[in-house]
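Student: Fold the stuff below for me.
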Amino acid sequence: MLYITGKILYVQILKHEWPARWRSFIPDLVSAGKTSETICENCMAILKLLSEEVFDFSRGEMTQQKIKELKQSLNSEFQLIHELCLYVLSASQRTELIRATLATLHAFLSWIPLGYIFESPLLETLLKFFPLPSYRNLTLQCLTEVAALNFGDFYNIQYVKMYSIFMGQLQAILPPDANIPDAYAQGSSEDQSHIRVLESTQDNINVLLLGLEYLINISYVDDTEVFKVCLDYWNSLVLELFEAHHNLDNPAATASLMGLQSMPLLPGMVDGLGSQLLQRRQLYTGPMSKLRLLMISRMAKPEEVLIVEDENGNIVRETMKDNDVLVQYKIMRETLIYLSHLDHEDTEKQMLKKLSKQLNGDDWTWNNLNTLCWAIGSISGSMMEEQENRFLVMVIRDLLNLCEVTKGKDNKAVIASNIMYVVGQYPRFLRAHWKFLKTVVNKLFEFMHETHPGVQDMACDTFLKIVQKCRRKFVIVQVGESEPFVSELLTSLPTIIADLEPHQIHTFYESVGHMIQAEPDPQKRDEYLQRLMELPNQARFFAEVFLVLQFCDSDTSTRFAGSIGCSLTRCVLQKWAEIIGQARQSVEFLKDQGVIRTVLNILQTNTSAASALGTYFLSQISMIFLDMLNVYRMYSELVSASILDGRPHASKTSFVKLLRSVKRETLKLIETFLDKAEDQPQIGKQFVPPMMDPVLGDYARNLPDARESEVLSLFATIINKYKTAMIEDVPRIFVAVFQCTLEMITKNFEDYPEHRLKFFSLLRAIATHCFPALITLSSEQLKLVMDSIIWAFRHTERNIAETGLNLLLEMLKNFQASEFCNQFYRTYFMTIEQEIFAVLTDTFHKPGFKLHVLLLQHLFCVAESGSLTEFLWDPSSVPYPYPSNAMFVREYTIKLLGSSFPNMTVAEVTQFVNGLFESRNDLSTFKNHIRDFLVQSKEFSAQDNKDLYAEEAAAQRERDRRRMLTIPGLIAPNEIQDEMLDS
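Tutor: So this is what the prediction gives:
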C-alpha cells in the first residue's frame, strides 16, 4: 500500500515540477529503467500513472495551460518511452515486467502519434503475446485501444492485417463452433470501430462476419458485465449503420459516414453512394437479424413494469427500482429502435414469431413473454403508422387470447402486466382504433379487481397514461355508441373502484378528470364533474361537520374513540353519512383516527381531480372552499392544543401527524387548483382574501412545530401566478411568515428542512414579481432579507443554496435597475462579493459554480459600468480616494483573496483579478478563468471537480435530446407532448 501511495505522490509532485523545473525527467527515467528489471517495472508504473493523470483525469485538476504544457512534453519525448517499451517486450523474460509494460502501453496508445503504432514493430510484437495466457487480456486491451483510434484511410492495410492475424489466433484459442456461453471466461471484447475497412474484399468480409458471429455468441453469456461490454459495441455499430441509412438524403453526411469526407462529390457520385449503402446493409442483414433476436431475448425491464419474479420464483410487486437495469433498458431500447429502422419487416416477423410460440406453448415462460413484450413496447413510434397498426392489432389480439386461455393466478398476473405495458406504449394506435381502445380500457377495469400484488397499481397507472394521450376519444359519441364513454364510466364508477385502495382511487379520479377536461361543452363538463364528485360530496360532509364543531363542546371527553375503525381498504367515501351521524353526538368523535383518515381521503380525492381539471374544477372547489377553511382552522387548533398539552415529542405522535396531514392536504388542494387554473384574476380575488386569516394568520399565531411549510409554498404559488396583483398583500405576508420562519430555520442547518426551501422559494417569488414591495421595507427589514439570502446560499443542502443564489441574482438585477441602485450596492456590494468568493472556494458548494460565476460577473460588470454614480467605499474610512469604483473593487478583491489563499503569491492573485475584469463581458472566458484559479488553489487540486463542468454537461444532454427527437421512436411517445393529436 505504501509502495503504491509513494508512486502516486511521486506523480503528483511531478505534475507541478515537470517540465519547468525538471526538463530531463523522461531521459532520466528511461536511463534508470535500463539499469535493472525491477527498477524498469517501477518506471513503467510511474509512466502509466503520469499518462492517466495528464490525458484521462486532468480536467478539473490542472489549469488548461498546464494540461497543454504536459501533453506537449509527453508527445515530444515519447520516442524514448517507445524504444524502452519495445526493448522490454523483445528482450525481457520477466512476467511482471512484461505485464507492467503492456499496461503502460495501454495507457499511452490512445494519444501517441500514430507512426509509433503502425510504422514500428509494435503491432507485430503485441500479436505475438496474444496467444500466451499470461498476457492475453492485457494484449487484448492494447489491440482494442488501437482499433478505437481514428486514423483515416492511411493505415488501412496495417489494420486489416492486424485484425486478420488476431481472428486467426482467436479461432485457434476458441473454435467458432465452441459453446461460448459455457466457456465465457475466455470471452473477447474486440472493438471493431474501423469495421468499414474490413468490408473491402471478400476475404476480409468473411473474417468480419466471423468476428460478429463470435460477438453474438458471447452476448448470450449469462453474465451482466460481459453483456454490458457487448451491448456497448452493438449500440455503436448499429448507430453507425442507422446514421448512414438515415442520412441517405444528405450526400455530404453519407460520404462522411462512409469515410469519404475528403473527396469532392462529383455529379453521379450520389447514386453510387446510395448503391454502396444498400450493398452495405445487405452485407449486415444476417448479423443484424441475429442481433434483433438477441435484443428481444435479453430485453431489460422498463420502469413502468411493477410486477417481477422474486428470488423464490414468486410473482410479486417490485419494491425498489434497479437503476442499473433501467440504464441497460435505455441502451437496449435505443439499439432495438435503430435495428427496427434498418429493417421493420424483420423486426415485426421475429416478434410475431416469438409471440406465436408463447400462444402454442412451445416457448412459454414468464421470462420469454416478459422480454418479448418489453421489446415490443420499446420500439413504439419507430414504425410507419400503417405498419404499426397492423402489427399492434395482432399483438394485442394474441395477448388478450393468451390471458383468456392461460390458467393460474401468477401466470395471469404476468400476462396482465405485459398487456398493460404494451398498450400503454402505443397511444397513437389506440387513438386511431376506438374499439381496441375501449376493449383495452375495459380490460384495465377488470385488472382493477385483481388483487394480485402490483396488478391494480399498474392498471391504474396505465389507465392514467392512456387517458392523458387519448382523452378526447372518451368525451365524444363513437360510432355504434349511444353515449360518450365518460358518461358510461361515471354510471359504473362505484363498481369499477370497489376493490381499489385509496391511493389507487386517487389515480383513477385524476384519470377521469383528464377525460372531463377534454369536454368542450361547459354544461356537459359541469354535469360530468358533478357526477364524478358525487361520492365525495354526498352528505355535504364539510358543511355538516362544521355545524357540529360550532355547537359542541371541544373539551368533551372522547366517548366514541375507536367506536368505528373506518376501513380505508375499500371505498370509504360511502361511509360518510354514517360518520356524520356519529359526529352529531359529540365533537370528540372527530378525533377518531378513522374519521380523520376519511377527511384526508376526501381532500386527496379532490386534489387528484383538481390536478387534471384545472380551471374547470372551479364549481367543485367553490362549493367546499369556505367550509374546508373552517375545518382547517379547527384541526389546526387541535394540533396546537395537543402540542401544548403533550410531552416534548407530542408533535411526533401518530395522532398529531394525522391531523397535520389533513391540514397539509387542504393547502395542497388549494395550491393545486390555483396553480393549474388558467390565469384569471377573478379566481385569485375569489380565493386569496378568505385565506389570509385562516391560513396566513394561523401560521403566524401557531407554535413552530405546528406551522405547515405548505403555507409558504402556497403563497409562493399565488405570487408566481398573480404576480404584481399581489404587491399590496406582500407586507401582510412578510409580517406573518418572515420573522417567525427565520427564527425556526436559522438556529442550525438541520431543523425544519421543509420550511427552508419553501421559505426561500417564497422570497424569490416576491423578489421576482413584487419587487416594489421590497423597496418599501425599512433598512432593518431589508438587512434581514439580505442576511437570510446569504444564509441560504451558505447552506450545504443543494436545493436551498441554489434557491438562495437565484434569489440573490434576481435582487441584484432589480436593484441595479431601480432608483436605489447606489444606496443598495454601497451597503451590500463588498459583503456579497466576500460571501460569494467564500462559497465559490468551498468544495462543499461546487454544485453552485454556475450561479457563483454569474453573480461575480454581475458584480464586476456593475463596478465597471455607469450604473453606479456614487463611490462604493466610505471616504471617512479610506485613507486616499480611488479614481473609480472599478479600481477600488480590484484592490479590495486582491486583498480579500490574498488573505484567503496565503499559498498563492501576490502576483498570482493580481493576475487572476485582472483577468476577471478583462473577461467580464465574455461569460465563457470568465468561467474558464475562475475554473483555473480554483484548480490552482490547494482546496480543489485533488478533488472530483465535475460539478464545475455541469453546465456544459447539461448543454450536451440537450443536444442529444434534440438529435433523438429527429429519429422516430427514439423518444417514447408518452414522453412527447402530443395531447392535441387525439382530436
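Student: contacts, neighbours, all on C-alpha from now
Tutor: Fine.
Student: ok, now how distant is Ile624 from Pro536?
Tutor: Distance of Ile624 to Pro536, given as C-alpha to C-alpha, to the nearest Å: 11 Å.
Student: between the two, which one's more packed in?
Tutor: Pro536 (19 against 15; other C-alpha atoms under 10 Å).
Student: ok so the more buried one is a strand residue?
Tutor: No: read with DSSP: H, G, I helix; E, B strand; the rest coil, Pro536 is helix and lies in no strand.
Student: who's in contact with Ser297?
Tutor: Ser297 makes contact with Asn368, Thr371, Leu372 under the criterion C-alpha atoms under 8 Å, 6 or more residues apart in numbering.
Student: Grab the nearest non-local neighbour of the first one.
Tutor: If I follow you right, that is Asn368. Closest residue to Asn368 apart from its sequence neighbours, by C-alpha to C-alpha, 6 or more residues apart in numbering: Ser297 at 6.8 Å.
Student: got a pLDDT number for the one you found?
Tutor: Ser297 carries a pLDDT value of 93.
Student: For it, what are phi and psi?
Tutor: Main-chain dihedrals, Ser297, degrees, to the nearest 10: phi -70, psi -30.
Student: Same check on the one 5 residues further on?
Tutor: Pro302 has phi and psi values of phi -80, psi 160 when expressed as degrees, to the nearest 10.
Student: ok, now which ones touch it?
Tutor: Counting by C-alpha under 8 Å, 6+ apart, Pro302 touches Leu326, Tyr329, Trp374.
Student: Also Asp232?
Tutor: Contact analysis of Asp232 by C-alpha under 8 Å, 6+ apart lists Ile331.
Student: from here on, count from 7
Tutor: Sure thing, new numbering starts at 7, so read that last one as Asp238.
Student: Distance from the biggest helix by length in the chain to the middle of the chain?
Tutor: Across the chain, the helix with the greatest residue count (assigned by DSSP state H) is helix 624-651. Chain-centre distance of helix 624-651: 37 Å, with C-alpha atoms, centre = their mean, to the nearest Å.
Student: For it, give the mean pLDDT please.
Tutor: The average pLDDT for helix 624-651 rounds to 85.
Student: Over to stretch 874-893?
Tutor: Per-residue pLDDT over stretch 874-893 has a mean of 83.
Student: And for stretch 514-533?
Tutor: 95.
Student: got the end-to-end distance for it?
Tutor: When the termini of stretch 514-533 are compared using C-alpha to C-alpha, they are 18 Å apart.
Student: Report the buried residues of that stretch.
Tutor: Neighbour counts over stretch 514-533 (16 or more other C-alpha atoms under 10 Å) mark 514-525, 531-532 as buried.
Student: Considering those, which is situated nearest to Pro695?
Tutor: Using C-alpha to C-alpha, the shortest approach to Pro695 within those belongs to Asp532, at 25.5 Å.
Student: Correct me if wrong: Met970 contacts Ile977.
Tutor: Yes: using C-alpha atoms under 8 Å, Met970 is in contact with Ile977, at 6.4 Å.
Student: Neighbour count for those two, which is higher?
Tutor: Taking neighbours as other C-alpha under 10 Å, Met970 and Ile977 compare with Ile977 leading, 22 against 14.
Student: check contacts around that one.
Tutor: Counting by C-alpha under 8 Å, 6+ apart, Ile977 touches Met970, Leu971.
Student: Now do the helices for the stretch 57-206 of the chain: every range, in order, please.
Tutor: For the stretch 57-206 of the chain, applying DSSP state H, counting those that start in this stretch gives helices covering 70-82, 84-97, 101-114, 121-124, 128-135, 142-153, 162-179.
Student: Ok, which of those helices comes nearest Pro889?
Tutor: Within the helices of the stretch 57-206 of the chain, the stretch nearest Pro889 is helix 70-82; the backing value is 33.8 Å (C-alpha to C-alpha).
Student: sorry, back to before: most surrounded residue in the contacts of Pro308?
Tutor: Going by other C-alpha under 10 Å, Trp380 tops these with 24 neighbours.
Student: check contacts around it.
Tutor: Shown in contact with Trp380 (C-alpha under 8 Å, 6+ apart): Met305, Ala306, Lys307, Pro308, Asn424, Tyr427, Val428.
Student: any idea which of these is closest to Ser488?
Tutor: Val428 (29.2 Å).
Student: For burial, what's the neighbour tally of that closest one?
Tutor: Neighbour tally, Val428, other C-alpha under 10 Å: 22.
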